[in-house]
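A.B. asks: Just a sequence and a predicted model for now, questions to come.
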Amino acid sequence: MDPLKRVEQELKKCVKCGACRAHCPVFSVVGREPVSARGKIALARAALSGTVELDARTRSDMSKCLLCGRCVEKCPNDVPTDLIVLAAREALARRRGVAPFYRMAGMLLRNRAMLNAGAFLASLLGPLLFRKVPASSGLRLRFPLPYMGGKRRLPKIAAKPFLSRHPEVIPGVPGKPRVVYFVGCMTNYLYPEIGEAAVSLLKSIGCTVVITKDQQCCGFPALSGGDLPTFRRLAEQNLEALEKHRADYIMTSCASCGGAFHRMYPGLLVERYPDLAERCRSLAEKTVDAVELLEKLGFTPGTGRAEKPRRIAYHDPCHLRSRGVTRQPRELLTSLQDVRLVEMEAADSCCGLGGTFNVYHYGASMGINARKTAAIRNASVDVVATACPGCMLQLADGLHQGAVGTRVLHVLQVLARGIAAGKGP
Ligand code: SF4
Ligand code: SF4
């Protein structure tokens, strides 16, 4: 069925009130009606009725969405604009082919061995491709590469991906939960320290940790590009990899991977491929973010004393905020004796990454991020913590470019340092 036909009823629910416009981060910097949520719905309607072509212009407008879900939360009629945008992208991919960047990404994501080899090569060529950014552990490209503007501050690629660092099963205390850890690509290749923190925290409370080696990308990048066959293939591989271990919980430490398992697998994917319904529903039921799980299992930090409390602000990743997971990370942080949690302005606004939005629209992405950088600067904090490696990458880039010295850490890193040293970060 035509992907836009599938969302026809949802399109009809929009009454054009414009309540979403004031909340759309992309509209706030681009300022053109077609990129607002209401505008995208009008565009999708016009494409469905045939009054607008699924051409390069439509593709460009539909690509200007972070899939942040803010418009969905604010819409009085529950119009799922993010799903409508994804349907339009799928229709565009069918009509015009998957766009080159997504084709390349899909090829790599479908082939873990090739992705590992590419990451290893990039880590070896690091000194040739990148120069170290002073006063931080980040890197900047020496020259622009396709889809990578030269001003970006990027994290170092891990020479050894996280998935190859541990045995598949790390036994815990009998009777304690068995947790299957879905690591996600960014932790695997760019931030293995988040994975190390996750493992040490789970071990500290006696859980058995299963790091299934066959896990793949959650598929969000393929879905974003309208490449549904690749999304399905990755989803099926993940279902197999995660189902074969008897898990009490499936834990993610990336808000977007969790968002894929909670909303996209049982929703959009099942709508296209109903044969996966039962398995996707069961996966969503078992999936929890690390901050939810630690809070649920009654994690308590070490009892060390610090001479000086650290000021930490928390940034809400969109895919946790939209699921209502905002209390747990804050409570975990404040449970550390030497942490003073500072609520910064617009803590729950999008950082502007939006996955591939940052690749295609770097200027707008950093324009959205500028507000976040200013809020962090105004909060005068030592650390900004979050629960999504994608947000970490974006926040660190913005802070570097804004010459703000605040460190960016995952909540798990802050907590793990607490238990390791008996004190905060
Ligand atoms: S998507 Fe919702 S909030 Fe936006 S114009 Fe339509 S009905 Fe109004
Ligand atoms: S999902 Fe976010 S970026 Fe996309 S239209 Fe809605 S508010 Fe705007």
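C.D. replies: The structure has been received and is ready for your questions. Ligands and ions are numbered 1, 2, ... in the order given.

A.B. asks: Tell me the secondary structure at the residue in the stretch 201-350 of the chain positioned nearest to ligand 2.
C.D. replies: When scored by C-beta to the nearest ligand atom, the stretch 201-350 of the chain has C350 as its residue closest to ligand 2, at 6.7 Å. Heads up, the C-betas are built off the backbone N, CA and C, glycines and all. Per DSSP: H, G, I helix; E, B strand; the rest coil, the local secondary structure of C350 is coil.

A.B. asks: quick one, what contacts it?
C.D. replies: Under the criterion of C-beta atoms under 8 Å, 6 or more residues apart in numbering, the contact list for C350 reads 25, 66, 68, 70, 318, 368.

A.B. asks: The closest residue to L163 other than its chain neighbours: neighbour count?
C.D. replies: Once flanking residues are discounted, L163 sits nearest to N188: 5.4 Å by C-beta to C-beta, 6 or more residues apart in numbering. Neighbouring residues of N188 were enumerated by other C-beta atoms under 10 Å; the total is 25.

A.B. asks: Okay, domains of this protein per the record?
C.D. replies: For the chain, automatic domain parsing gives the domain ranges 3-96, 310-421.

A.B. asks: Give me whichever of those domains is most buried.
C.D. replies: Mean neighbour counts were taken over these using mean count of other C-beta atoms under 10 Å, and the top value, a mean of 21, falls to domain 310-421.

A.B. asks: and that one, how far from the chain's centre?
C.D. replies: Distance of domain 310-421 from the chain centroid (C-alpha atoms, centre = their mean, to the nearest Å) equals 12 Å.

A.B. asks: what about the strands in the protein?
C.D. replies: For the chain, the strands defined by DSSP state E occupy 130-132, 139-141, 153-154, 169-170, 178-182, 208-210, 249-252, 287-289, 310-314, 339-342, 383-386, 407-410.

A.B. asks: could I get those strands as JSON lines with distance to ligand 1?
C.D. replies: As requested, the strands of the chain are arranged in JSON lines below (distance: least, C-beta to the nearest ligand atom, whole Å):
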{"stretch": "strand 130-132", "distance to ligand 1": "42"}
{"stretch": "strand 139-141", "distance to ligand 1": "38"}
{"stretch": "strand 153-154", "distance to ligand 1": "35"}
{"stretch": "strand 169-170", "distance to ligand 1": "46"}
{"stretch": "strand 178-182", "distance to ligand 1": "32"}
{"stretch": "strand 208-210", "distance to ligand 1": "41"}
{"stretch": "strand 249-252", "distance to ligand 1": "29"}
{"stretch": "strand 287-289", "distance to ligand 1": "27"}
{"stretch": "strand 310-314", "distance to ligand 1": "28"}
{"stretch": "strand 339-342", "distance to ligand 1": "32"}
{"stretch": "strand 383-386", "distance to ligand 1": "27"}
{"stretch": "strand 407-410", "distance to ligand 1": "33"}
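
A.B. asks: what sits against the residue nearest to L163?
C.D. replies: If you count contacts by C-beta under 8 Å, 6+ apart, then N188 has 158, 161-163, 195 around it.

A.B. asks: gap between K12 and ligand 2?
C.D. replies: As defined by C-beta to the nearest ligand atom, to the nearest Å, K12 lies at a distance of 18 Å from ligand 2.

A.B. asks: I misspoke; the intended subject was P174.
C.D. replies: Distance from P174 to ligand 2, counting by C-beta to the nearest ligand atom: 45 Å.

A.B. asks: likewise S365?
C.D. replies: For S365, the distance to ligand 2 under the criterion C-beta to the nearest ligand atom works out to 11 Å.

A.B. asks: For the protein, what lies in contact range of ligand 1?
C.D. replies: 14-20, 37-38, 41, 75, 77, 79, 81 (C-beta under 6 Å from any ligand atom).

A.B. asks: Redo these as a markdown table? Include pLDDT and distance to V270.
C.D. replies: Below are these laid out as a markdown table (pLDDT from 0 to 100; distance: C-beta to C-beta, whole Å):
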| residue | pLDDT | distance to V270 |
| --- | --- | --- |
| C14 | 95 | 24 |
| V15 | 95 | 28 |
| K16 | 94 | 30 |
| C17 | 95 | 30 |
| G18 | 92 | 32 |
| A19 | 94 | 29 |
| C20 | 94 | 26 |
| A37 | 94 | 24 |
| R38 | 95 | 28 |
| I41 | 96 | 23 |
| C75 | 96 | 23 |
| N77 | 95 | 23 |
| V79 | 96 | 20 |
| T81 | 96 | 20 |
